[in-house]
Every structure is written in structure tokens, then in C-alpha cells.
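Trainee: Next one to model:
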Amino acid sequence: MSLKALLVDDEYPSRNELRFRLERYPEIEVVGEAANAREALQLCSAMDYDVVFLDIQMPGMDGVELAQALRVGGKNPKVVFVTAYEEYAVNAFKVRATDYLLKPFDDARLDDTVQRLLEGRNGREARPEGKKPQPPLAWVPTEVNGTTVPVPVEDIVYIYSEKDYVFVRTFADKLITRFTLQELTERLSPRLFFRCHRSYLVNVRQVKEIIPYINGAYLLRMKDKQHSEVAVSRGRVRHLKELFALQ
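Mentor: Just a heads-up that it's a prediction; the model follows:
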């Protein structure tokens, strides 16, 4: 199971860059973003995050104070501070931060941080030997007006994340599910579902057209009522070509 991550930074470009750099780690899934401590606390009250990547200098409550508030509130995510200011390191580790990334940092330094997070997880979540993996889902539970609506996987055109929610798109409907996109990637058959983008998981049998796009990327036109177009990230193009036997 991947680590659910929350990014907290008052500057959108900084959050976007970190999200992009974390994409190459399948063990880390960014499922939330906040521009300040108030938003972060609201998100943490609704979901248990495994790790919070946290800026320090923000308007209102700063990052160190936010980390303390999470501890007091009974939340216990790993905390990684991401900042351009080295003078806060001592205070950061007083709140038991897992790491302190000083901007600008290179990929090797981020590799070290992710490894620390994974080592902490592996030590905390020892599983019994021989435990069988969960079988692929035959349907995905969604919610409509407080009731559960199971959607057969063959009826799913694609699944996508938007802000802090995950939606299942069928031919005519858009339904919300409590699963994360990473959980569905792990639980749905890889022969049927293709993670074409960090925010999209498509049913390969529901692909109507494969359209070349700019800079070697592709778009997938789907078989839903709206003929949705889903982007394939450049890092997934090779898999796409293998999947559909493209030259």
C-alpha cells in the first residue's frame, strides 16, 4: 500500500513542483494539498495521512506550529519539512520531523527522504508472512445520496482524481468513491486498467481512439457519452505503446 501524502505550502508553484517530483515514486501518492495551516488541519481531520510535506514560513500558523498541532490533535503522520531556510532545522526536529529538505535539493537527496519514509513504514507495518494479496475488484463501490452503488469494473470508462476526491466515470455518470486512485490501481486488474497519468486510470477496453499529441505525448478519446479526452503522460507512453502494440 502506498503512503498517502499531503503537501502544505502557500505557494502553488512549489506544491506543483514537489508533486511532479514525487510522481516517480509509486510508493508515495499525493492525495491532498493545502495552501495554509488551517486548510491542512481541515484535511487532516477528514483523512489520516501517512506523511505531510510541509513548508515552514506561511501566513498565520507556521509549519512548525502546524506539526505541533497535529501531534496534540492525536494525528501522527510523518513530517518532512521542505523549506529554503536552514535556521529552522533545530525547531523542526524538536517536533520529531522525519527529514528536513533544504531547497534547492537534488533527486538524490529526495531519494534519501523517501527511503527514510519507507523504512519507517516497513518497521511500523510488519505483515504476517504468507499473507495473500487481495484479489482484484469485480466492482467499485461508489456513493450516491448516502447510499452505496457498486459499479461493475467492465462498466467503468475511467477513474480520476480531482482535488481531494476520486471519481468513477461510466458511460453517462460521474460517481464518487472513497478509494484513493493508488488503491484502485493496486486492486484493479492491470490487464484491464492502465494508469496513464498521475490523475487518471483508464479501462483499456473503453479507449475509442489514440491521438498523437505534442512533445511525443498522447491523448486517449474514451467511449463515454462526452467522448472525454484523457492525457497520457510522457513517462507512460512506452507502456501505452506496448499495451496497444503501437509502432
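
Trainee: C-terminal to the longest helix anywhere in the chain, what's the next element?
Mentor: Longest helix of the chain, by residue count under DSSP state H: helix 107-124. Counting by DSSP states H and E, the next helix or strand C-terminal to helix 107-124 is strand 139-144.

Trainee: What average pLDDT does that following strand get?
Mentor: Strand 139-144 carries an average pLDDT of 90.

Trainee: now swap in stretch 66-74 and tell me
Mentor: Mean predicted lDDT for stretch 66-74 stands at 81.

Trainee: and what of stretch 223-238?
Mentor: Here the average pLDDT along stretch 223-238 is 93.

Trainee: Stretch 163-175 too?
Mentor: Stretch 163-175 comes out at a mean pLDDT of 92.

Trainee: in the longest helix of the chain, what's buried?
Mentor: Within helix 107-124, the residues scored as buried using 16 or more other Cβ atoms under 10 Å are 110, 113-114, 117, 121. C-beta here means a position set from N, CA and C on the backbone, and glycine is covered the same way.

Trainee: and these, which two are the farthest apart?
Mentor: Spatial extent of those (Cβ to Cβ) is set by the pair 110 and 121 at 16.6 Å.

Trainee: Name the nearest residue to residue 149, ignoring sequence neighbours.
Mentor: Counting by Cβ to Cβ, 6 or more residues apart in numbering, residue 149 lies nearest to residue 142, which is 4.9 Å off, once chain neighbours are set aside.

Trainee: got the contact list for the one you found?
Mentor: 148-151, 168, 175-177 (Cβ atoms under 8 Å, 6 or more residues apart in numbering).

Trainee: Distance of it relative to residue 40?
Mentor: The gap separating residue 142 from residue 40 is 27 Å, by Cβ to Cβ, to the nearest Å.

Trainee: try residue 106
Mentor: Using Cβ to Cβ, residue 106 is found at 27 Å from residue 40.

Trainee: ok, back up a step: how far does the longest helix of the chain sit from the chain's center?
Mentor: 16 Å (Cα atoms, centre = their mean, to the nearest Å).
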